[in-house]
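below are the sequence and a predicted model; questions follow.
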Number of protein chains: 4
Amino acid sequence: MVIDATNTRQRILNAAARLFRERGFHATTTRAISEIVGMLSGSLFHHFKSKEQMLFEVMNDAATQLCVKADAVVAAGGDPRTRLRALIQLQLDCLIGEETRDYYAVLIAEWRELDSAAKPALTALRGHYASIWNTTLEDCARAGLLRSDPQVMQFVLHGSINWASTWFKPGGRLSLEDYAQILEDLMLRSGVGAAD
Amino acid sequence: MVIDATNTRQRILNAAARLFRERGFHATTTRAISEIVGMLSGSLFHHFKSKEQMLFEVMNDAATQLCVKADAVVAAGGDPRTRLRALIQLQLDCLIGEETRDYYAVLIAEWRELDSAAKPALTALRGHYASIWNTTLEDCARAGLLRSDPQVMQFVLHGSINWASTWFKPGGRLSLEDYAQILEDLMLRSGVGAAD
Amino acid sequence: MVIDATNTRQRILNAAARLFRERGFHATTTRAISEIVGMLSGSLFHHFKSKEQMLFEVMNDAATQLCVKADAVVAAGGDPRTRLRALIQLQLDCLIGEETRDYYAVLIAEWRELDSAAKPALTALRGHYASIWNTTLEDCARAGLLRSDPQVMQFVLHGSINWASTWFKPGGRLSLEDYAQILEDLMLRSGVGAAD
Amino acid sequence: MVIDATNTRQRILNAAARLFRERGFHATTTRAISEIVGMLSGSLFHHFKSKEQMLFEVMNDAATQLCVKADAVVAAGGDPRTRLRALIQLQLDCLIGEETRDYYAVLIAEWRELDSAAKPALTALRGHYASIWNTTLEDCARAGLLRSDPQVMQFVLHGSINWASTWFKPGGRLSLEDYAQILEDLMLRSGVGAAD
DNA sequence: TATGAATGAGTGTTCATTCAT
DNA sequence: CATGAATGAACACTCATTCAT
């Protein structure tokens, strides 16, 4: 029924996300995806009209949830420092957390492989997410917290956060919270602002 | 003669590097490479025994030059702050500079696609390069310059630098030197150390 | 269902065997095989993972059936002369008979082209078949029937039989039975042994 | 000069014959031939206009020499038994002898791969050679020596002789002369004829 | 004559996708 | 919905051959 169908769809998407992250979109065959799910390669196409559509849905799920969570951060309504810290933590958690990393890593790494027809929808989500960061960083700047230009700081932060997926080992000496704290300390002046 | 031969090889490698960066290794066909060079697809194999070997040589060239330049920084022998700044600038220049970026971007992005047989050679170069960064950051830490743990700071710096290839526009408001300066300022305490 | 599936596989194998015999393994293209079967070249690989596997299966089928038939000769249990005659007839029939010759000729002619990984399985069958000939010829020798050394006689017989595929014309003056009789007469002394 | 040129030609032909025998015509690449000779693949074509021509010359050399030697047997003029024995020995020697086997094995095994344009010349030599065997075997029959039909006996003999290239080990228990004697004994009645 | 670079046709094989059952 | 068979276009790579130097 609908529930089972949805389930199968989700299992396919999970398998696709995992392989897209591990091997990349082009190096992933539909047969490899179908083997994980336990069906034949052709059967995937009852659920998705193409491999590109699987990619789109993986990225769309990731982007949508990222926006939802970022909206929640905004809705929680703390001071700029608190919100920035929450955004850093949020992006790190999504990217490294075992149940979410496949989707988020694909969102970051496989943008290039998207059909141009599929890009506008995702670009919109991306824009929304970016604007939350922008606002937050500008608020930090206005509060005299930020150690450099907000736009540049966003680049530094995203680079530092996204790169973590290449080196971060869960269960190591450094926790994700430690790393988030370090990034906050690097970006913001101490002794200033409400959360200090 | 020797020059011409080298030239063709080099032109193939340049074309391969460009397409590997623009489209990724798997999405790049040998035909596309050969068309840029102006020969037939099969002719490439007079110069390289496989597409994988082209990838290896692109990455090897990049890694080798990176090491040579990093060695030069060490040989120049400034204080820790000077050396760190030089390393940041060096990696940014390689990654963004129009004549080098194809090679360096591939070195960073396509590691996964390397033949396992080809990895040890590159791992050695990588290790050498990393050790120069390690030493420099530890020297900074010993001089009381560094704002956090050297290892973590290396991750932050590499993330921030490598990510620049996704957003940096040459000729824009922000120069590479500006960005290098910002990164230096973020990582190091001001008012401390010989170069201050 | 099962029958159809088997059918396509079998039709591919028949086509492969025919071309391997007529042109040799290397001179046979997968495209030529697929044209006989009436499908596209790539479709063959739904049934066989490589051209080498087709070769193996052709040879394996031939060797297996040869063993089965030779076992039947042994099981029938006649005197040495009778058994030798049956073995000669058997090998001639397989090699010349219109429905079997493709497989057997390939078994003899294309051994060299087999993957080394595929050889052990076939070597075992070959050994079994050879041991039946050995036993039979040694029994003939012990009965005083054989005109020379058993091992050498086996070489003479196999040479004479296998070479027949180059000159024997079905429907000509000489039947396969005639030829088998001639070979028997040449190898064995007359007027000796139970079957005489 | 001419001598050197001839030399190179001969070295190429020797290499080609060896590889054609060891691997078969199709499995032999011009590059493999050229490597043995110590030149580049393209250079072969200053000496032979095609790979097929190399094959033709290998086979032509073999067939010509075989005829020359068979003619000598005839010219020596012994009785039928002596001549038959000499022909058997001759063909065995050519096929197994270390300095000649490459050429003769190719003559037997690669007939199929010849250009149809090249066949008539070789067919003529083949015919000449066959006619010497025919005459000799018919002489044996007329002398009451032959144990069966001359034509069939020729097939048996050629099969037995040619097959020897698959099993004969020089330096083993059985010499080529032993084997020739066995074949003679099998084909001819003893106690009859001048050489007995 | 030999080289080294290139050609061009062809090779075995892959793979996303379709579709009758 | 899933299967199993097939498609068709593309792919990396091979190889006999050519040719300017």
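Now that the structure is in, tell me what you want to look at. Numbering: from 1, shown residues only, chains lettered A, B, ... in the order given.

and the strands in chain A?
Applying DSSP state E to chain A gives no strands.

any low-confidence regions in it?
Of all residues in chain A, those with pLDDT under 70 make up the ranges A:1-6, A:191-196.

one more pass at 50, please.
Applying pLDDT under 50 to chain A flags the ranges A:1-5, A:193-196.

any idea how far DNA strand E is from the residue nearest to the spatial centre of it?
Nearest to the mean C-alpha position of chain A, counting by CA atoms, centre = their mean, stands residue A:104 at 3.8 Å. According to CB to the nearest atom of the strand, to the nearest Å, residue A:104 stands 22 Å off from DNA strand E. Where C-beta positions appear, they are placed from N, C-alpha and C, glycine not excepted.

same check, this time on residue A:190
51 Å.

what's the answer for residue A:37, then?
Using CB to the nearest atom of the strand, residue A:37 is found at 13 Å from DNA strand E.

again with residue A:49
Remark: distance between residue A:49 and DNA strand E (CB to the nearest atom of the strand) = 6 Å.

how many other residues sit next to that residue?
10 (other CB atoms under 10 Å in any protein chain shown).

repeat that for residue A:147.
Applying other CB under 10 Å, we find 16 residues neighbouring residue A:147.

with residue A:183 instead?
By other CB under 10 Å, 24 other residues sit near residue A:183.

who touches it in this structure?
Taking CB atoms under 8 Å, 6 or more residues apart in numbering or on different chains, we find residue A:183 in contact with A:88, A:157, A:160, A:161, B:156.

and these as JSON lines, adding neighbour count and distance to residue D:114?
As requested, those are arranged in JSON lines below (neighbours: other CB atoms under 10 Å in any protein chain shown; distance: CB to CB, whole Å):
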{"residue": "A:88", "neighbour count": "24", "distance to residue D:114": "76"}
{"residue": "A:157", "neighbour count": "24", "distance to residue D:114": "74"}
{"residue": "A:160", "neighbour count": "25", "distance to residue D:114": "71"}
{"residue": "A:161", "neighbour count": "26", "distance to residue D:114": "70"}
{"residue": "B:156", "neighbour count": "26", "distance to residue D:114": "72"}
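
which one of the residues you listed sits closest to residue C:26?
Among the contacts of residue A:183, residue A:161 lies closest to residue C:26 (CB to CB), at 56.2 Å.

in the top helix by length along chain A, what's buried?
Of all segments of type helix in chain A, defined using DSSP state H, the longest is helix A:51-76. Buried residues in helix A:51-76, defined by neighbour count with 16 or more other CB atoms under 10 Å in any protein chain shown: A:51, A:53-67, A:69-70, A:73.

again, but for stretch A:15-34
Buried positions in stretch A:15-34, judged by neighbour count with 16+ other CB under 10 Å: A:15-21, A:24-28, A:30, A:32-34.

again with stretch A:132-147
Across stretch A:132-147, burial judged by 16+ other CB under 10 Å covers A:132, A:133, A:136, A:137, A:139, A:140, A:141, A:143, A:145, A:146, A:147.

on that earlier part again, does any bit of the longest helix of chain A sit next to DNA strand E?
Yes - using CB under 7 Å from any atom of the strand, we find that helix A:51-76 touches DNA strand E at A:51, A:52.

remind me what that helix packs against, helices and strands.
Using 3 or more CB pairs under 8 Å, 6 or more residues apart in numbering or on different chains; DSSP states H and E, the elements in contact with helix A:51-76 are helix A:2-23, helix A:80-96, helix A:101-109, helix A:119-142.

tell me if I'm right that residue A:188 and residue A:147 touch.
Yes - applying CB atoms under 8 Å as the test, residue A:188 and residue A:147 come out as touching, 6.6 Å apart.

off-centre distance for the longest helix of chain A?
7 Å (CA atoms, centre = their mean, to the nearest Å).

re earlier: distance to chain D for the buried residues of stretch A:132-147 - can I get that in TSV?
Putting the buried residues of stretch A:132-147 into TSV (distance: CB to the nearest CB, whole Å) gives the following:
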residue	distance to chain D
A:132	63
A:133	59
A:136	65
A:137	63
A:139	69
A:140	67
A:141	67
A:143	73
A:145	69
A:146	65
A:147	64
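
pick out the most distant pair among those residues.
Greatest spacing in those, by CB to CB: A:132 and A:147 (20.3 Å).

hang on, the earlier thing: out of the contacts of residue A:183, which comes closest to chain C?
Proximity of these to chain C (CB to the nearest CB) peaks at residue A:161, which lies at 44.1 Å.

contacting residues around the nearest residue to residue A:98 once chain neighbours are set aside?
Nearest non-adjacent residue to residue A:98, counting by CB to CB, 6 or more residues apart in numbering or on different chains: residue A:170, 7.4 Å away. Under the criterion of CB under 8 Å, 6+ apart, the contact list for residue A:170 reads A:96, A:98, A:176.

done for today, thanks.
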